[in-house]
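Asks: Structure of the sequence below:
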Amino acid sequence: MDNVSVITIFYLSGLSETMNYRSVLFSLTLLCYCVILLVNITLIVTIILDKNLHEPMYILLCAFCMNGLYGSTGFFPKFLWDLLSPVHVISYSGCFLQGLVIHSFVSSDLSFLAVMAYDRYVAICRPLQYHSIMSKQRLIKLVCFSWFTPFCITGTNICLTSRLKLCSPYIARLFCVNWIIVTLACFPAETMVNNIVAYISILFYIFHGVYIVWSYIYLIRTCVNSKENRAKFMQTCVPHLLSLITFLFTVLFDLMNIRFDLKKLPQSLKNFVAIEFLVIPPLMNPLIYGFKLTKIRNRLREVVTLKNTLSLGVH
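Replies: This is a model prediction of the structure:
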């Protein structure tokens, strides 16, 4: 028992089988991270600077992209450093911080998708009351709910994990995951509270998912008989649905990997499954919304056209 109290670092062993391709992985990862930063920051700055985009849907989208940056920053810098380092370690406190960031990012993403589904429901089903329902005050409350509630729930889970006595510092992942740390506990009986709180948290976000699915089923049924509503649905709801499908697909794969410990899969494939939700949604969401939402697409086109005109004028 004396040894369990002196664990100050964790060893991340997820990269052990892929270090032969270190330079290629580093280049691809750095490129991916730069693209994620570029597309998200471009969309965020576009929405902030254009007063015509200061509407609830676009403000929620702006916060959604900020959350994507938050989650990516919790993973990519450390992962890039590990690709350059012969030893893949992370401090005890750093591991819990990374787990807090990544878990709260995922939970916030689902919260934002639920709030955006509610926004589209009000816009299509109650258009005359839209601006009174989605007021500035309510919008602030919804954004705060989407950020702070996941942070508090994840923080509670992390605090419960931090009280456990751990018997091993080895994590067979590319990054720290709260549930994996819980499995390192010396006494499984001590993790009962962790399990209860974790399943309550999961149930809370399952209700988010049920609400999102119900909202879009209701919207589809509402829009079927109205040409105007069909056009509005295709314009503004399809990007939300694509984001939702991308999010659920990537997160469910990783949950299956964690919960069922798919040992038969090659480590490289397990690594890919593990980081999908940290790569695909932050990369795809800005592209989906940027290309699909007319106002944003037109604004970006104006900026590109203006830059080309200025560059031609200089020459």
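
Asks: make it CA atoms for all contacts and neighbour counts henceforth
Replies: OK.

Asks: For the stretch 51-200 of the chain, just list every one of the helices.
Replies: Per DSSP state H, counting those that start in this stretch, the stretch 51-200 of the chain carries helices over the ranges 56-73, 76-84, 92-125, 130-133, 136-162, 178-182, 192-223.

Asks: For residue 279, find the nearest of those.
Replies: helix 56-73 (7.4 Å; CA to CA).

Asks: And the contacts of stretch 283-296?
Replies: Applying CA atoms under 8 Å, 6 or more residues apart in numbering, the set of residues contacting stretch 283-296 from outside is 35-36, 39-40, 43, 46-47, 53, 65, 235-236, 239, 242-243, 297.

Asks: Tell me the predicted confidence for the residue nearest the centre of the chain.
Replies: In the chain, the residue lying closest to the centroid (CA atoms, centre = their mean) is residue 106, at 4.2 Å. Per-residue confidence at residue 106 stands at 91 (pLDDT).

Asks: which one of the helices of the stretch 51-200 of the chain lies closest to residue 7?
Replies: Minimum separation from residue 7 across the helices of the stretch 51-200 of the chain (CA to CA) falls at helix 92-125, 7.2 Å.

Asks: now that closest one, how far from the chain's geometric center?
Replies: 7 Å (CA atoms, centre = their mean, to the nearest Å).

Asks: same for it, what does it pack against?
Replies: strand 9-12, helix 56-73, helix 130-133, helix 136-162, helix 192-223, helix 238-260 (3 or more CA pairs under 8 Å, 6 or more residues apart in numbering; DSSP states H and E).

Asks: can I get these in CSV with mean pLDDT and mean neighbour count?
Replies: What follows is these, written out as CSV (pLDDT from 0 to 100; neighbours: other CA atoms under 10 Å):
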stretch, mean pLDDT, mean neighbour count
strand 9-12, 89, 19
helix 56-73, 92, 21
helix 130-133, 90, 14
helix 136-162, 93, 17
helix 192-223, 87, 15
helix 238-260, 74, 16
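
Asks: could the ones you listed go into JSON lines alongside distance to residue 122?
Replies: Below are the helices and strands packed on helix 92-125 laid out as JSON lines (distance: least, CA to CA, whole Å):
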{"stretch": "strand 9-12", "distance to residue 122": "46"}
{"stretch": "helix 56-73", "distance to residue 122": "11"}
{"stretch": "helix 130-133", "distance to residue 122": "6"}
{"stretch": "helix 136-162", "distance to residue 122": "13"}
{"stretch": "helix 192-223", "distance to residue 122": "10"}
{"stretch": "helix 238-260", "distance to residue 122": "15"}
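
Asks: among the helices of the stretch 51-200 of the chain, which is nearest residue 251?
Replies: The nearest among the helices of the stretch 51-200 of the chain, by CA to CA, is helix 92-125 at 8.2 Å.

Asks: and that closest one, which residues are buried?
Replies: Within helix 92-125, the residues scored as buried using 16 or more other CA atoms under 10 Å are 95-124.

Asks: now it and helix 76-84, what's the angle there?
Replies: Relative orientation of helix 92-125 versus helix 76-84 (axes from the mean of the first three to the mean of the last three CA atoms, to 10 degrees): 140 degrees.

Asks: how far away is residue 192 from residue 185?
Replies: Computed as CA to CA, to the nearest Å, the residue 192 to residue 185 distance reads 11 Å.

Asks: Actually, residue 211.
Replies: Taking CA to CA, one finds residue 211 at 35 Å from residue 185.

Asks: go on, residue 41?
Replies: Per CA to CA, residue 41 is found 40 Å from residue 185.

Asks: what's the answer for residue 54, then?
Replies: To residue 185, residue 54 is 48 Å away according to CA to CA.

Asks: So which of those two has more stuff around it?
Replies: The neighbour comparison of residue 54 against residue 185 (other CA atoms under 10 Å) goes to residue 185, with 19 against 14.

Asks: these two touch, right, that one and residue 191?
Replies: Yes. Under the criterion of CA atoms under 8 Å, residue 185 makes contact with residue 191 at 7.5 Å.

Asks: where do the contact lists of those two overlap?
Replies: Taking CA under 8 Å, 6+ apart as the criterion, residue 185 and residue 191 both touch residue 164.

Asks: Distance to residue 278 for the helices of the stretch 51-200 of the chain - can I get that in TSV?
Replies: TSV is the format used below for the helices of the stretch 51-200 of the chain (distance: least, CA to CA, whole Å):
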stretch	distance to residue 278
helix 56-73	6
helix 76-84	9
helix 92-125	8
helix 130-133	33
helix 136-162	17
helix 178-182	16
helix 192-223	18
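
Asks: Let me know which of those helices is the nearest to residue 26.
Replies: From the helices of the stretch 51-200 of the chain, taking CA to CA, the stretch that ends up closest is helix 76-84, at 6.1 Å.
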